[in-house]
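Student: One predicted model, sequence on top.
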Amino acid sequence: MNLDFLASMTLAAQALLLPGILVFSSRLDSAQRAVLLGIAGGWLLLVAGLAAAGLFSVSVYGTPFVGVAFALPVITVLLLRARSTTLLTLLTTIPLTVLVAVHVGRLLGVEFLLLHAAGRLPATFAFSAGWGDIIVASASVPLAFAVQRRMRGWRSLVLLWNFVGVADLIAAVALGAGSAAGSPIRFIYAEPSSALMGTLPWFLVPGYLVPLYLISHVAIFFRLMSAEQLRLPTAALSSPAI
């Protein structure tokens, strides 16, 4: 099967399912859910449309605009977290088990390895992004089970996994930007470059999925480190009532 066609199906499916799972597992009311899903859908259509128009290609704006698409949702959530009741409710009522388990979707990192094998991505970027995502995804379901069952040491394990997951995403973005042809911060000159990531369907990764996964990591971190959560019985951490 053609890799681009495979990615079009798998990445698009994940881009639609991930925000839906997060929003519908929270305790938001129907109106709040509709607003957030509308925003997520609008952002997906915007970045996909701009990518289809070639805005993120190396011949146009390339890496700087990819960086904006990656960082803007994360920065927005961090800035509005304490000001938006809807956003705060979302981040604090998704069960911790769900926040961890959704990262199983990062098994799609195998597609980076397939792209490298096809001679379409540099080894440095493909191996870091691919294997990093596979490792994080493989640990997500057992960790979610540990949280649900409140196994000994689960909090420390999830915190460590969370740091690894964030580091993997940041490293992948940095290596992708640093190995893209025409990038102003290019420091890896292997060929082929990672410029492919600025085109569809692959741009759905840095432009949409990576920000969502990074936001979920931030939510996990706040949940684990919050003094309020630390005072709660551990059973409550897997409950939608948080």
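Tutor: Arrived safely.
Student: When you work out contacts or count neighbours from here on, use the C-alpha atoms and nothing else.
Tutor: Will do.
Student: Give me the distance between the helix or strand where residue 74 lies and the centre of its chain.
Tutor: Residue 74 belongs to helix 62-80 when elements are defined using DSSP states H and E. Taking CA atoms, centre = their mean, to the nearest Å, one finds the center of helix 62-80 at 12 Å from the center of the full chain.
Student: Can you list the buried residues in it?
Tutor: For helix 62-80, burial by neighbour count (16 or more other CA atoms under 10 Å) applies to 62-63, 65-67, 69-71, 73-74, 77.
Student: Do you know the pLDDT at residue 39?
Tutor: Predicted confidence (pLDDT) at residue 39: the value is 95.
Student: wait, what's in contact with the residue nearest the centre of the chain?
Tutor: The structure's the chain has its C-alpha centroid closest to residue 213; by CA atoms, centre = their mean the separation is 2.3 Å. Contact analysis of residue 213 by CA atoms under 8 Å, 6 or more residues apart in numbering lists residue 103.
Student: Tell me how far it lies from residue 102.
Tutor: Using CA to CA, to the nearest Å, we find residue 213 at a distance of 9 Å from residue 102.
Student: just residue 199 next, same as before
Tutor: The gap separating residue 199 from residue 102 is 25 Å, by CA to CA.
Student: could I get the helix or strand where residue 46 lies in CSV with only the CA atoms?
Tutor: Following DSSP H and E, one finds residue 46 within helix 30-52. Presented in CSV, the C-alpha positions along helix 30-52 are these (Å, rounded to 0.1, in the frame of the first residue of the first chain):
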residue,chain,number,x,y,z
SER,A,30,-23.0,19.4,25.6
ALA,A,31,-22.6,23.1,24.7
GLN,A,32,-19.0,23.2,26.0
ARG,A,33,-18.2,20.0,24.1
ALA,A,34,-19.6,21.5,20.9
VAL,A,35,-17.5,24.6,21.3
LEU,A,36,-14.3,22.7,21.9
LEU,A,37,-14.9,20.2,19.1
GLY,A,38,-15.7,23.1,16.8
ILE,A,39,-12.5,24.8,17.6
ALA,A,40,-10.5,21.6,17.2
GLY,A,41,-12.2,20.9,13.9
GLY,A,42,-11.6,24.4,12.7
TRP,A,43,-8.0,24.2,13.5
LEU,A,44,-7.7,20.9,11.7
LEU,A,45,-9.3,22.3,8.6
LEU,A,46,-7.1,25.4,8.8
VAL,A,47,-3.8,23.7,9.0
ALA,A,48,-4.8,21.0,6.5
GLY,A,49,-5.9,23.7,4.1
LEU,A,50,-2.8,25.8,4.5
ALA,A,51,-0.6,22.7,4.0
ALA,A,52,-2.6,21.7,0.9
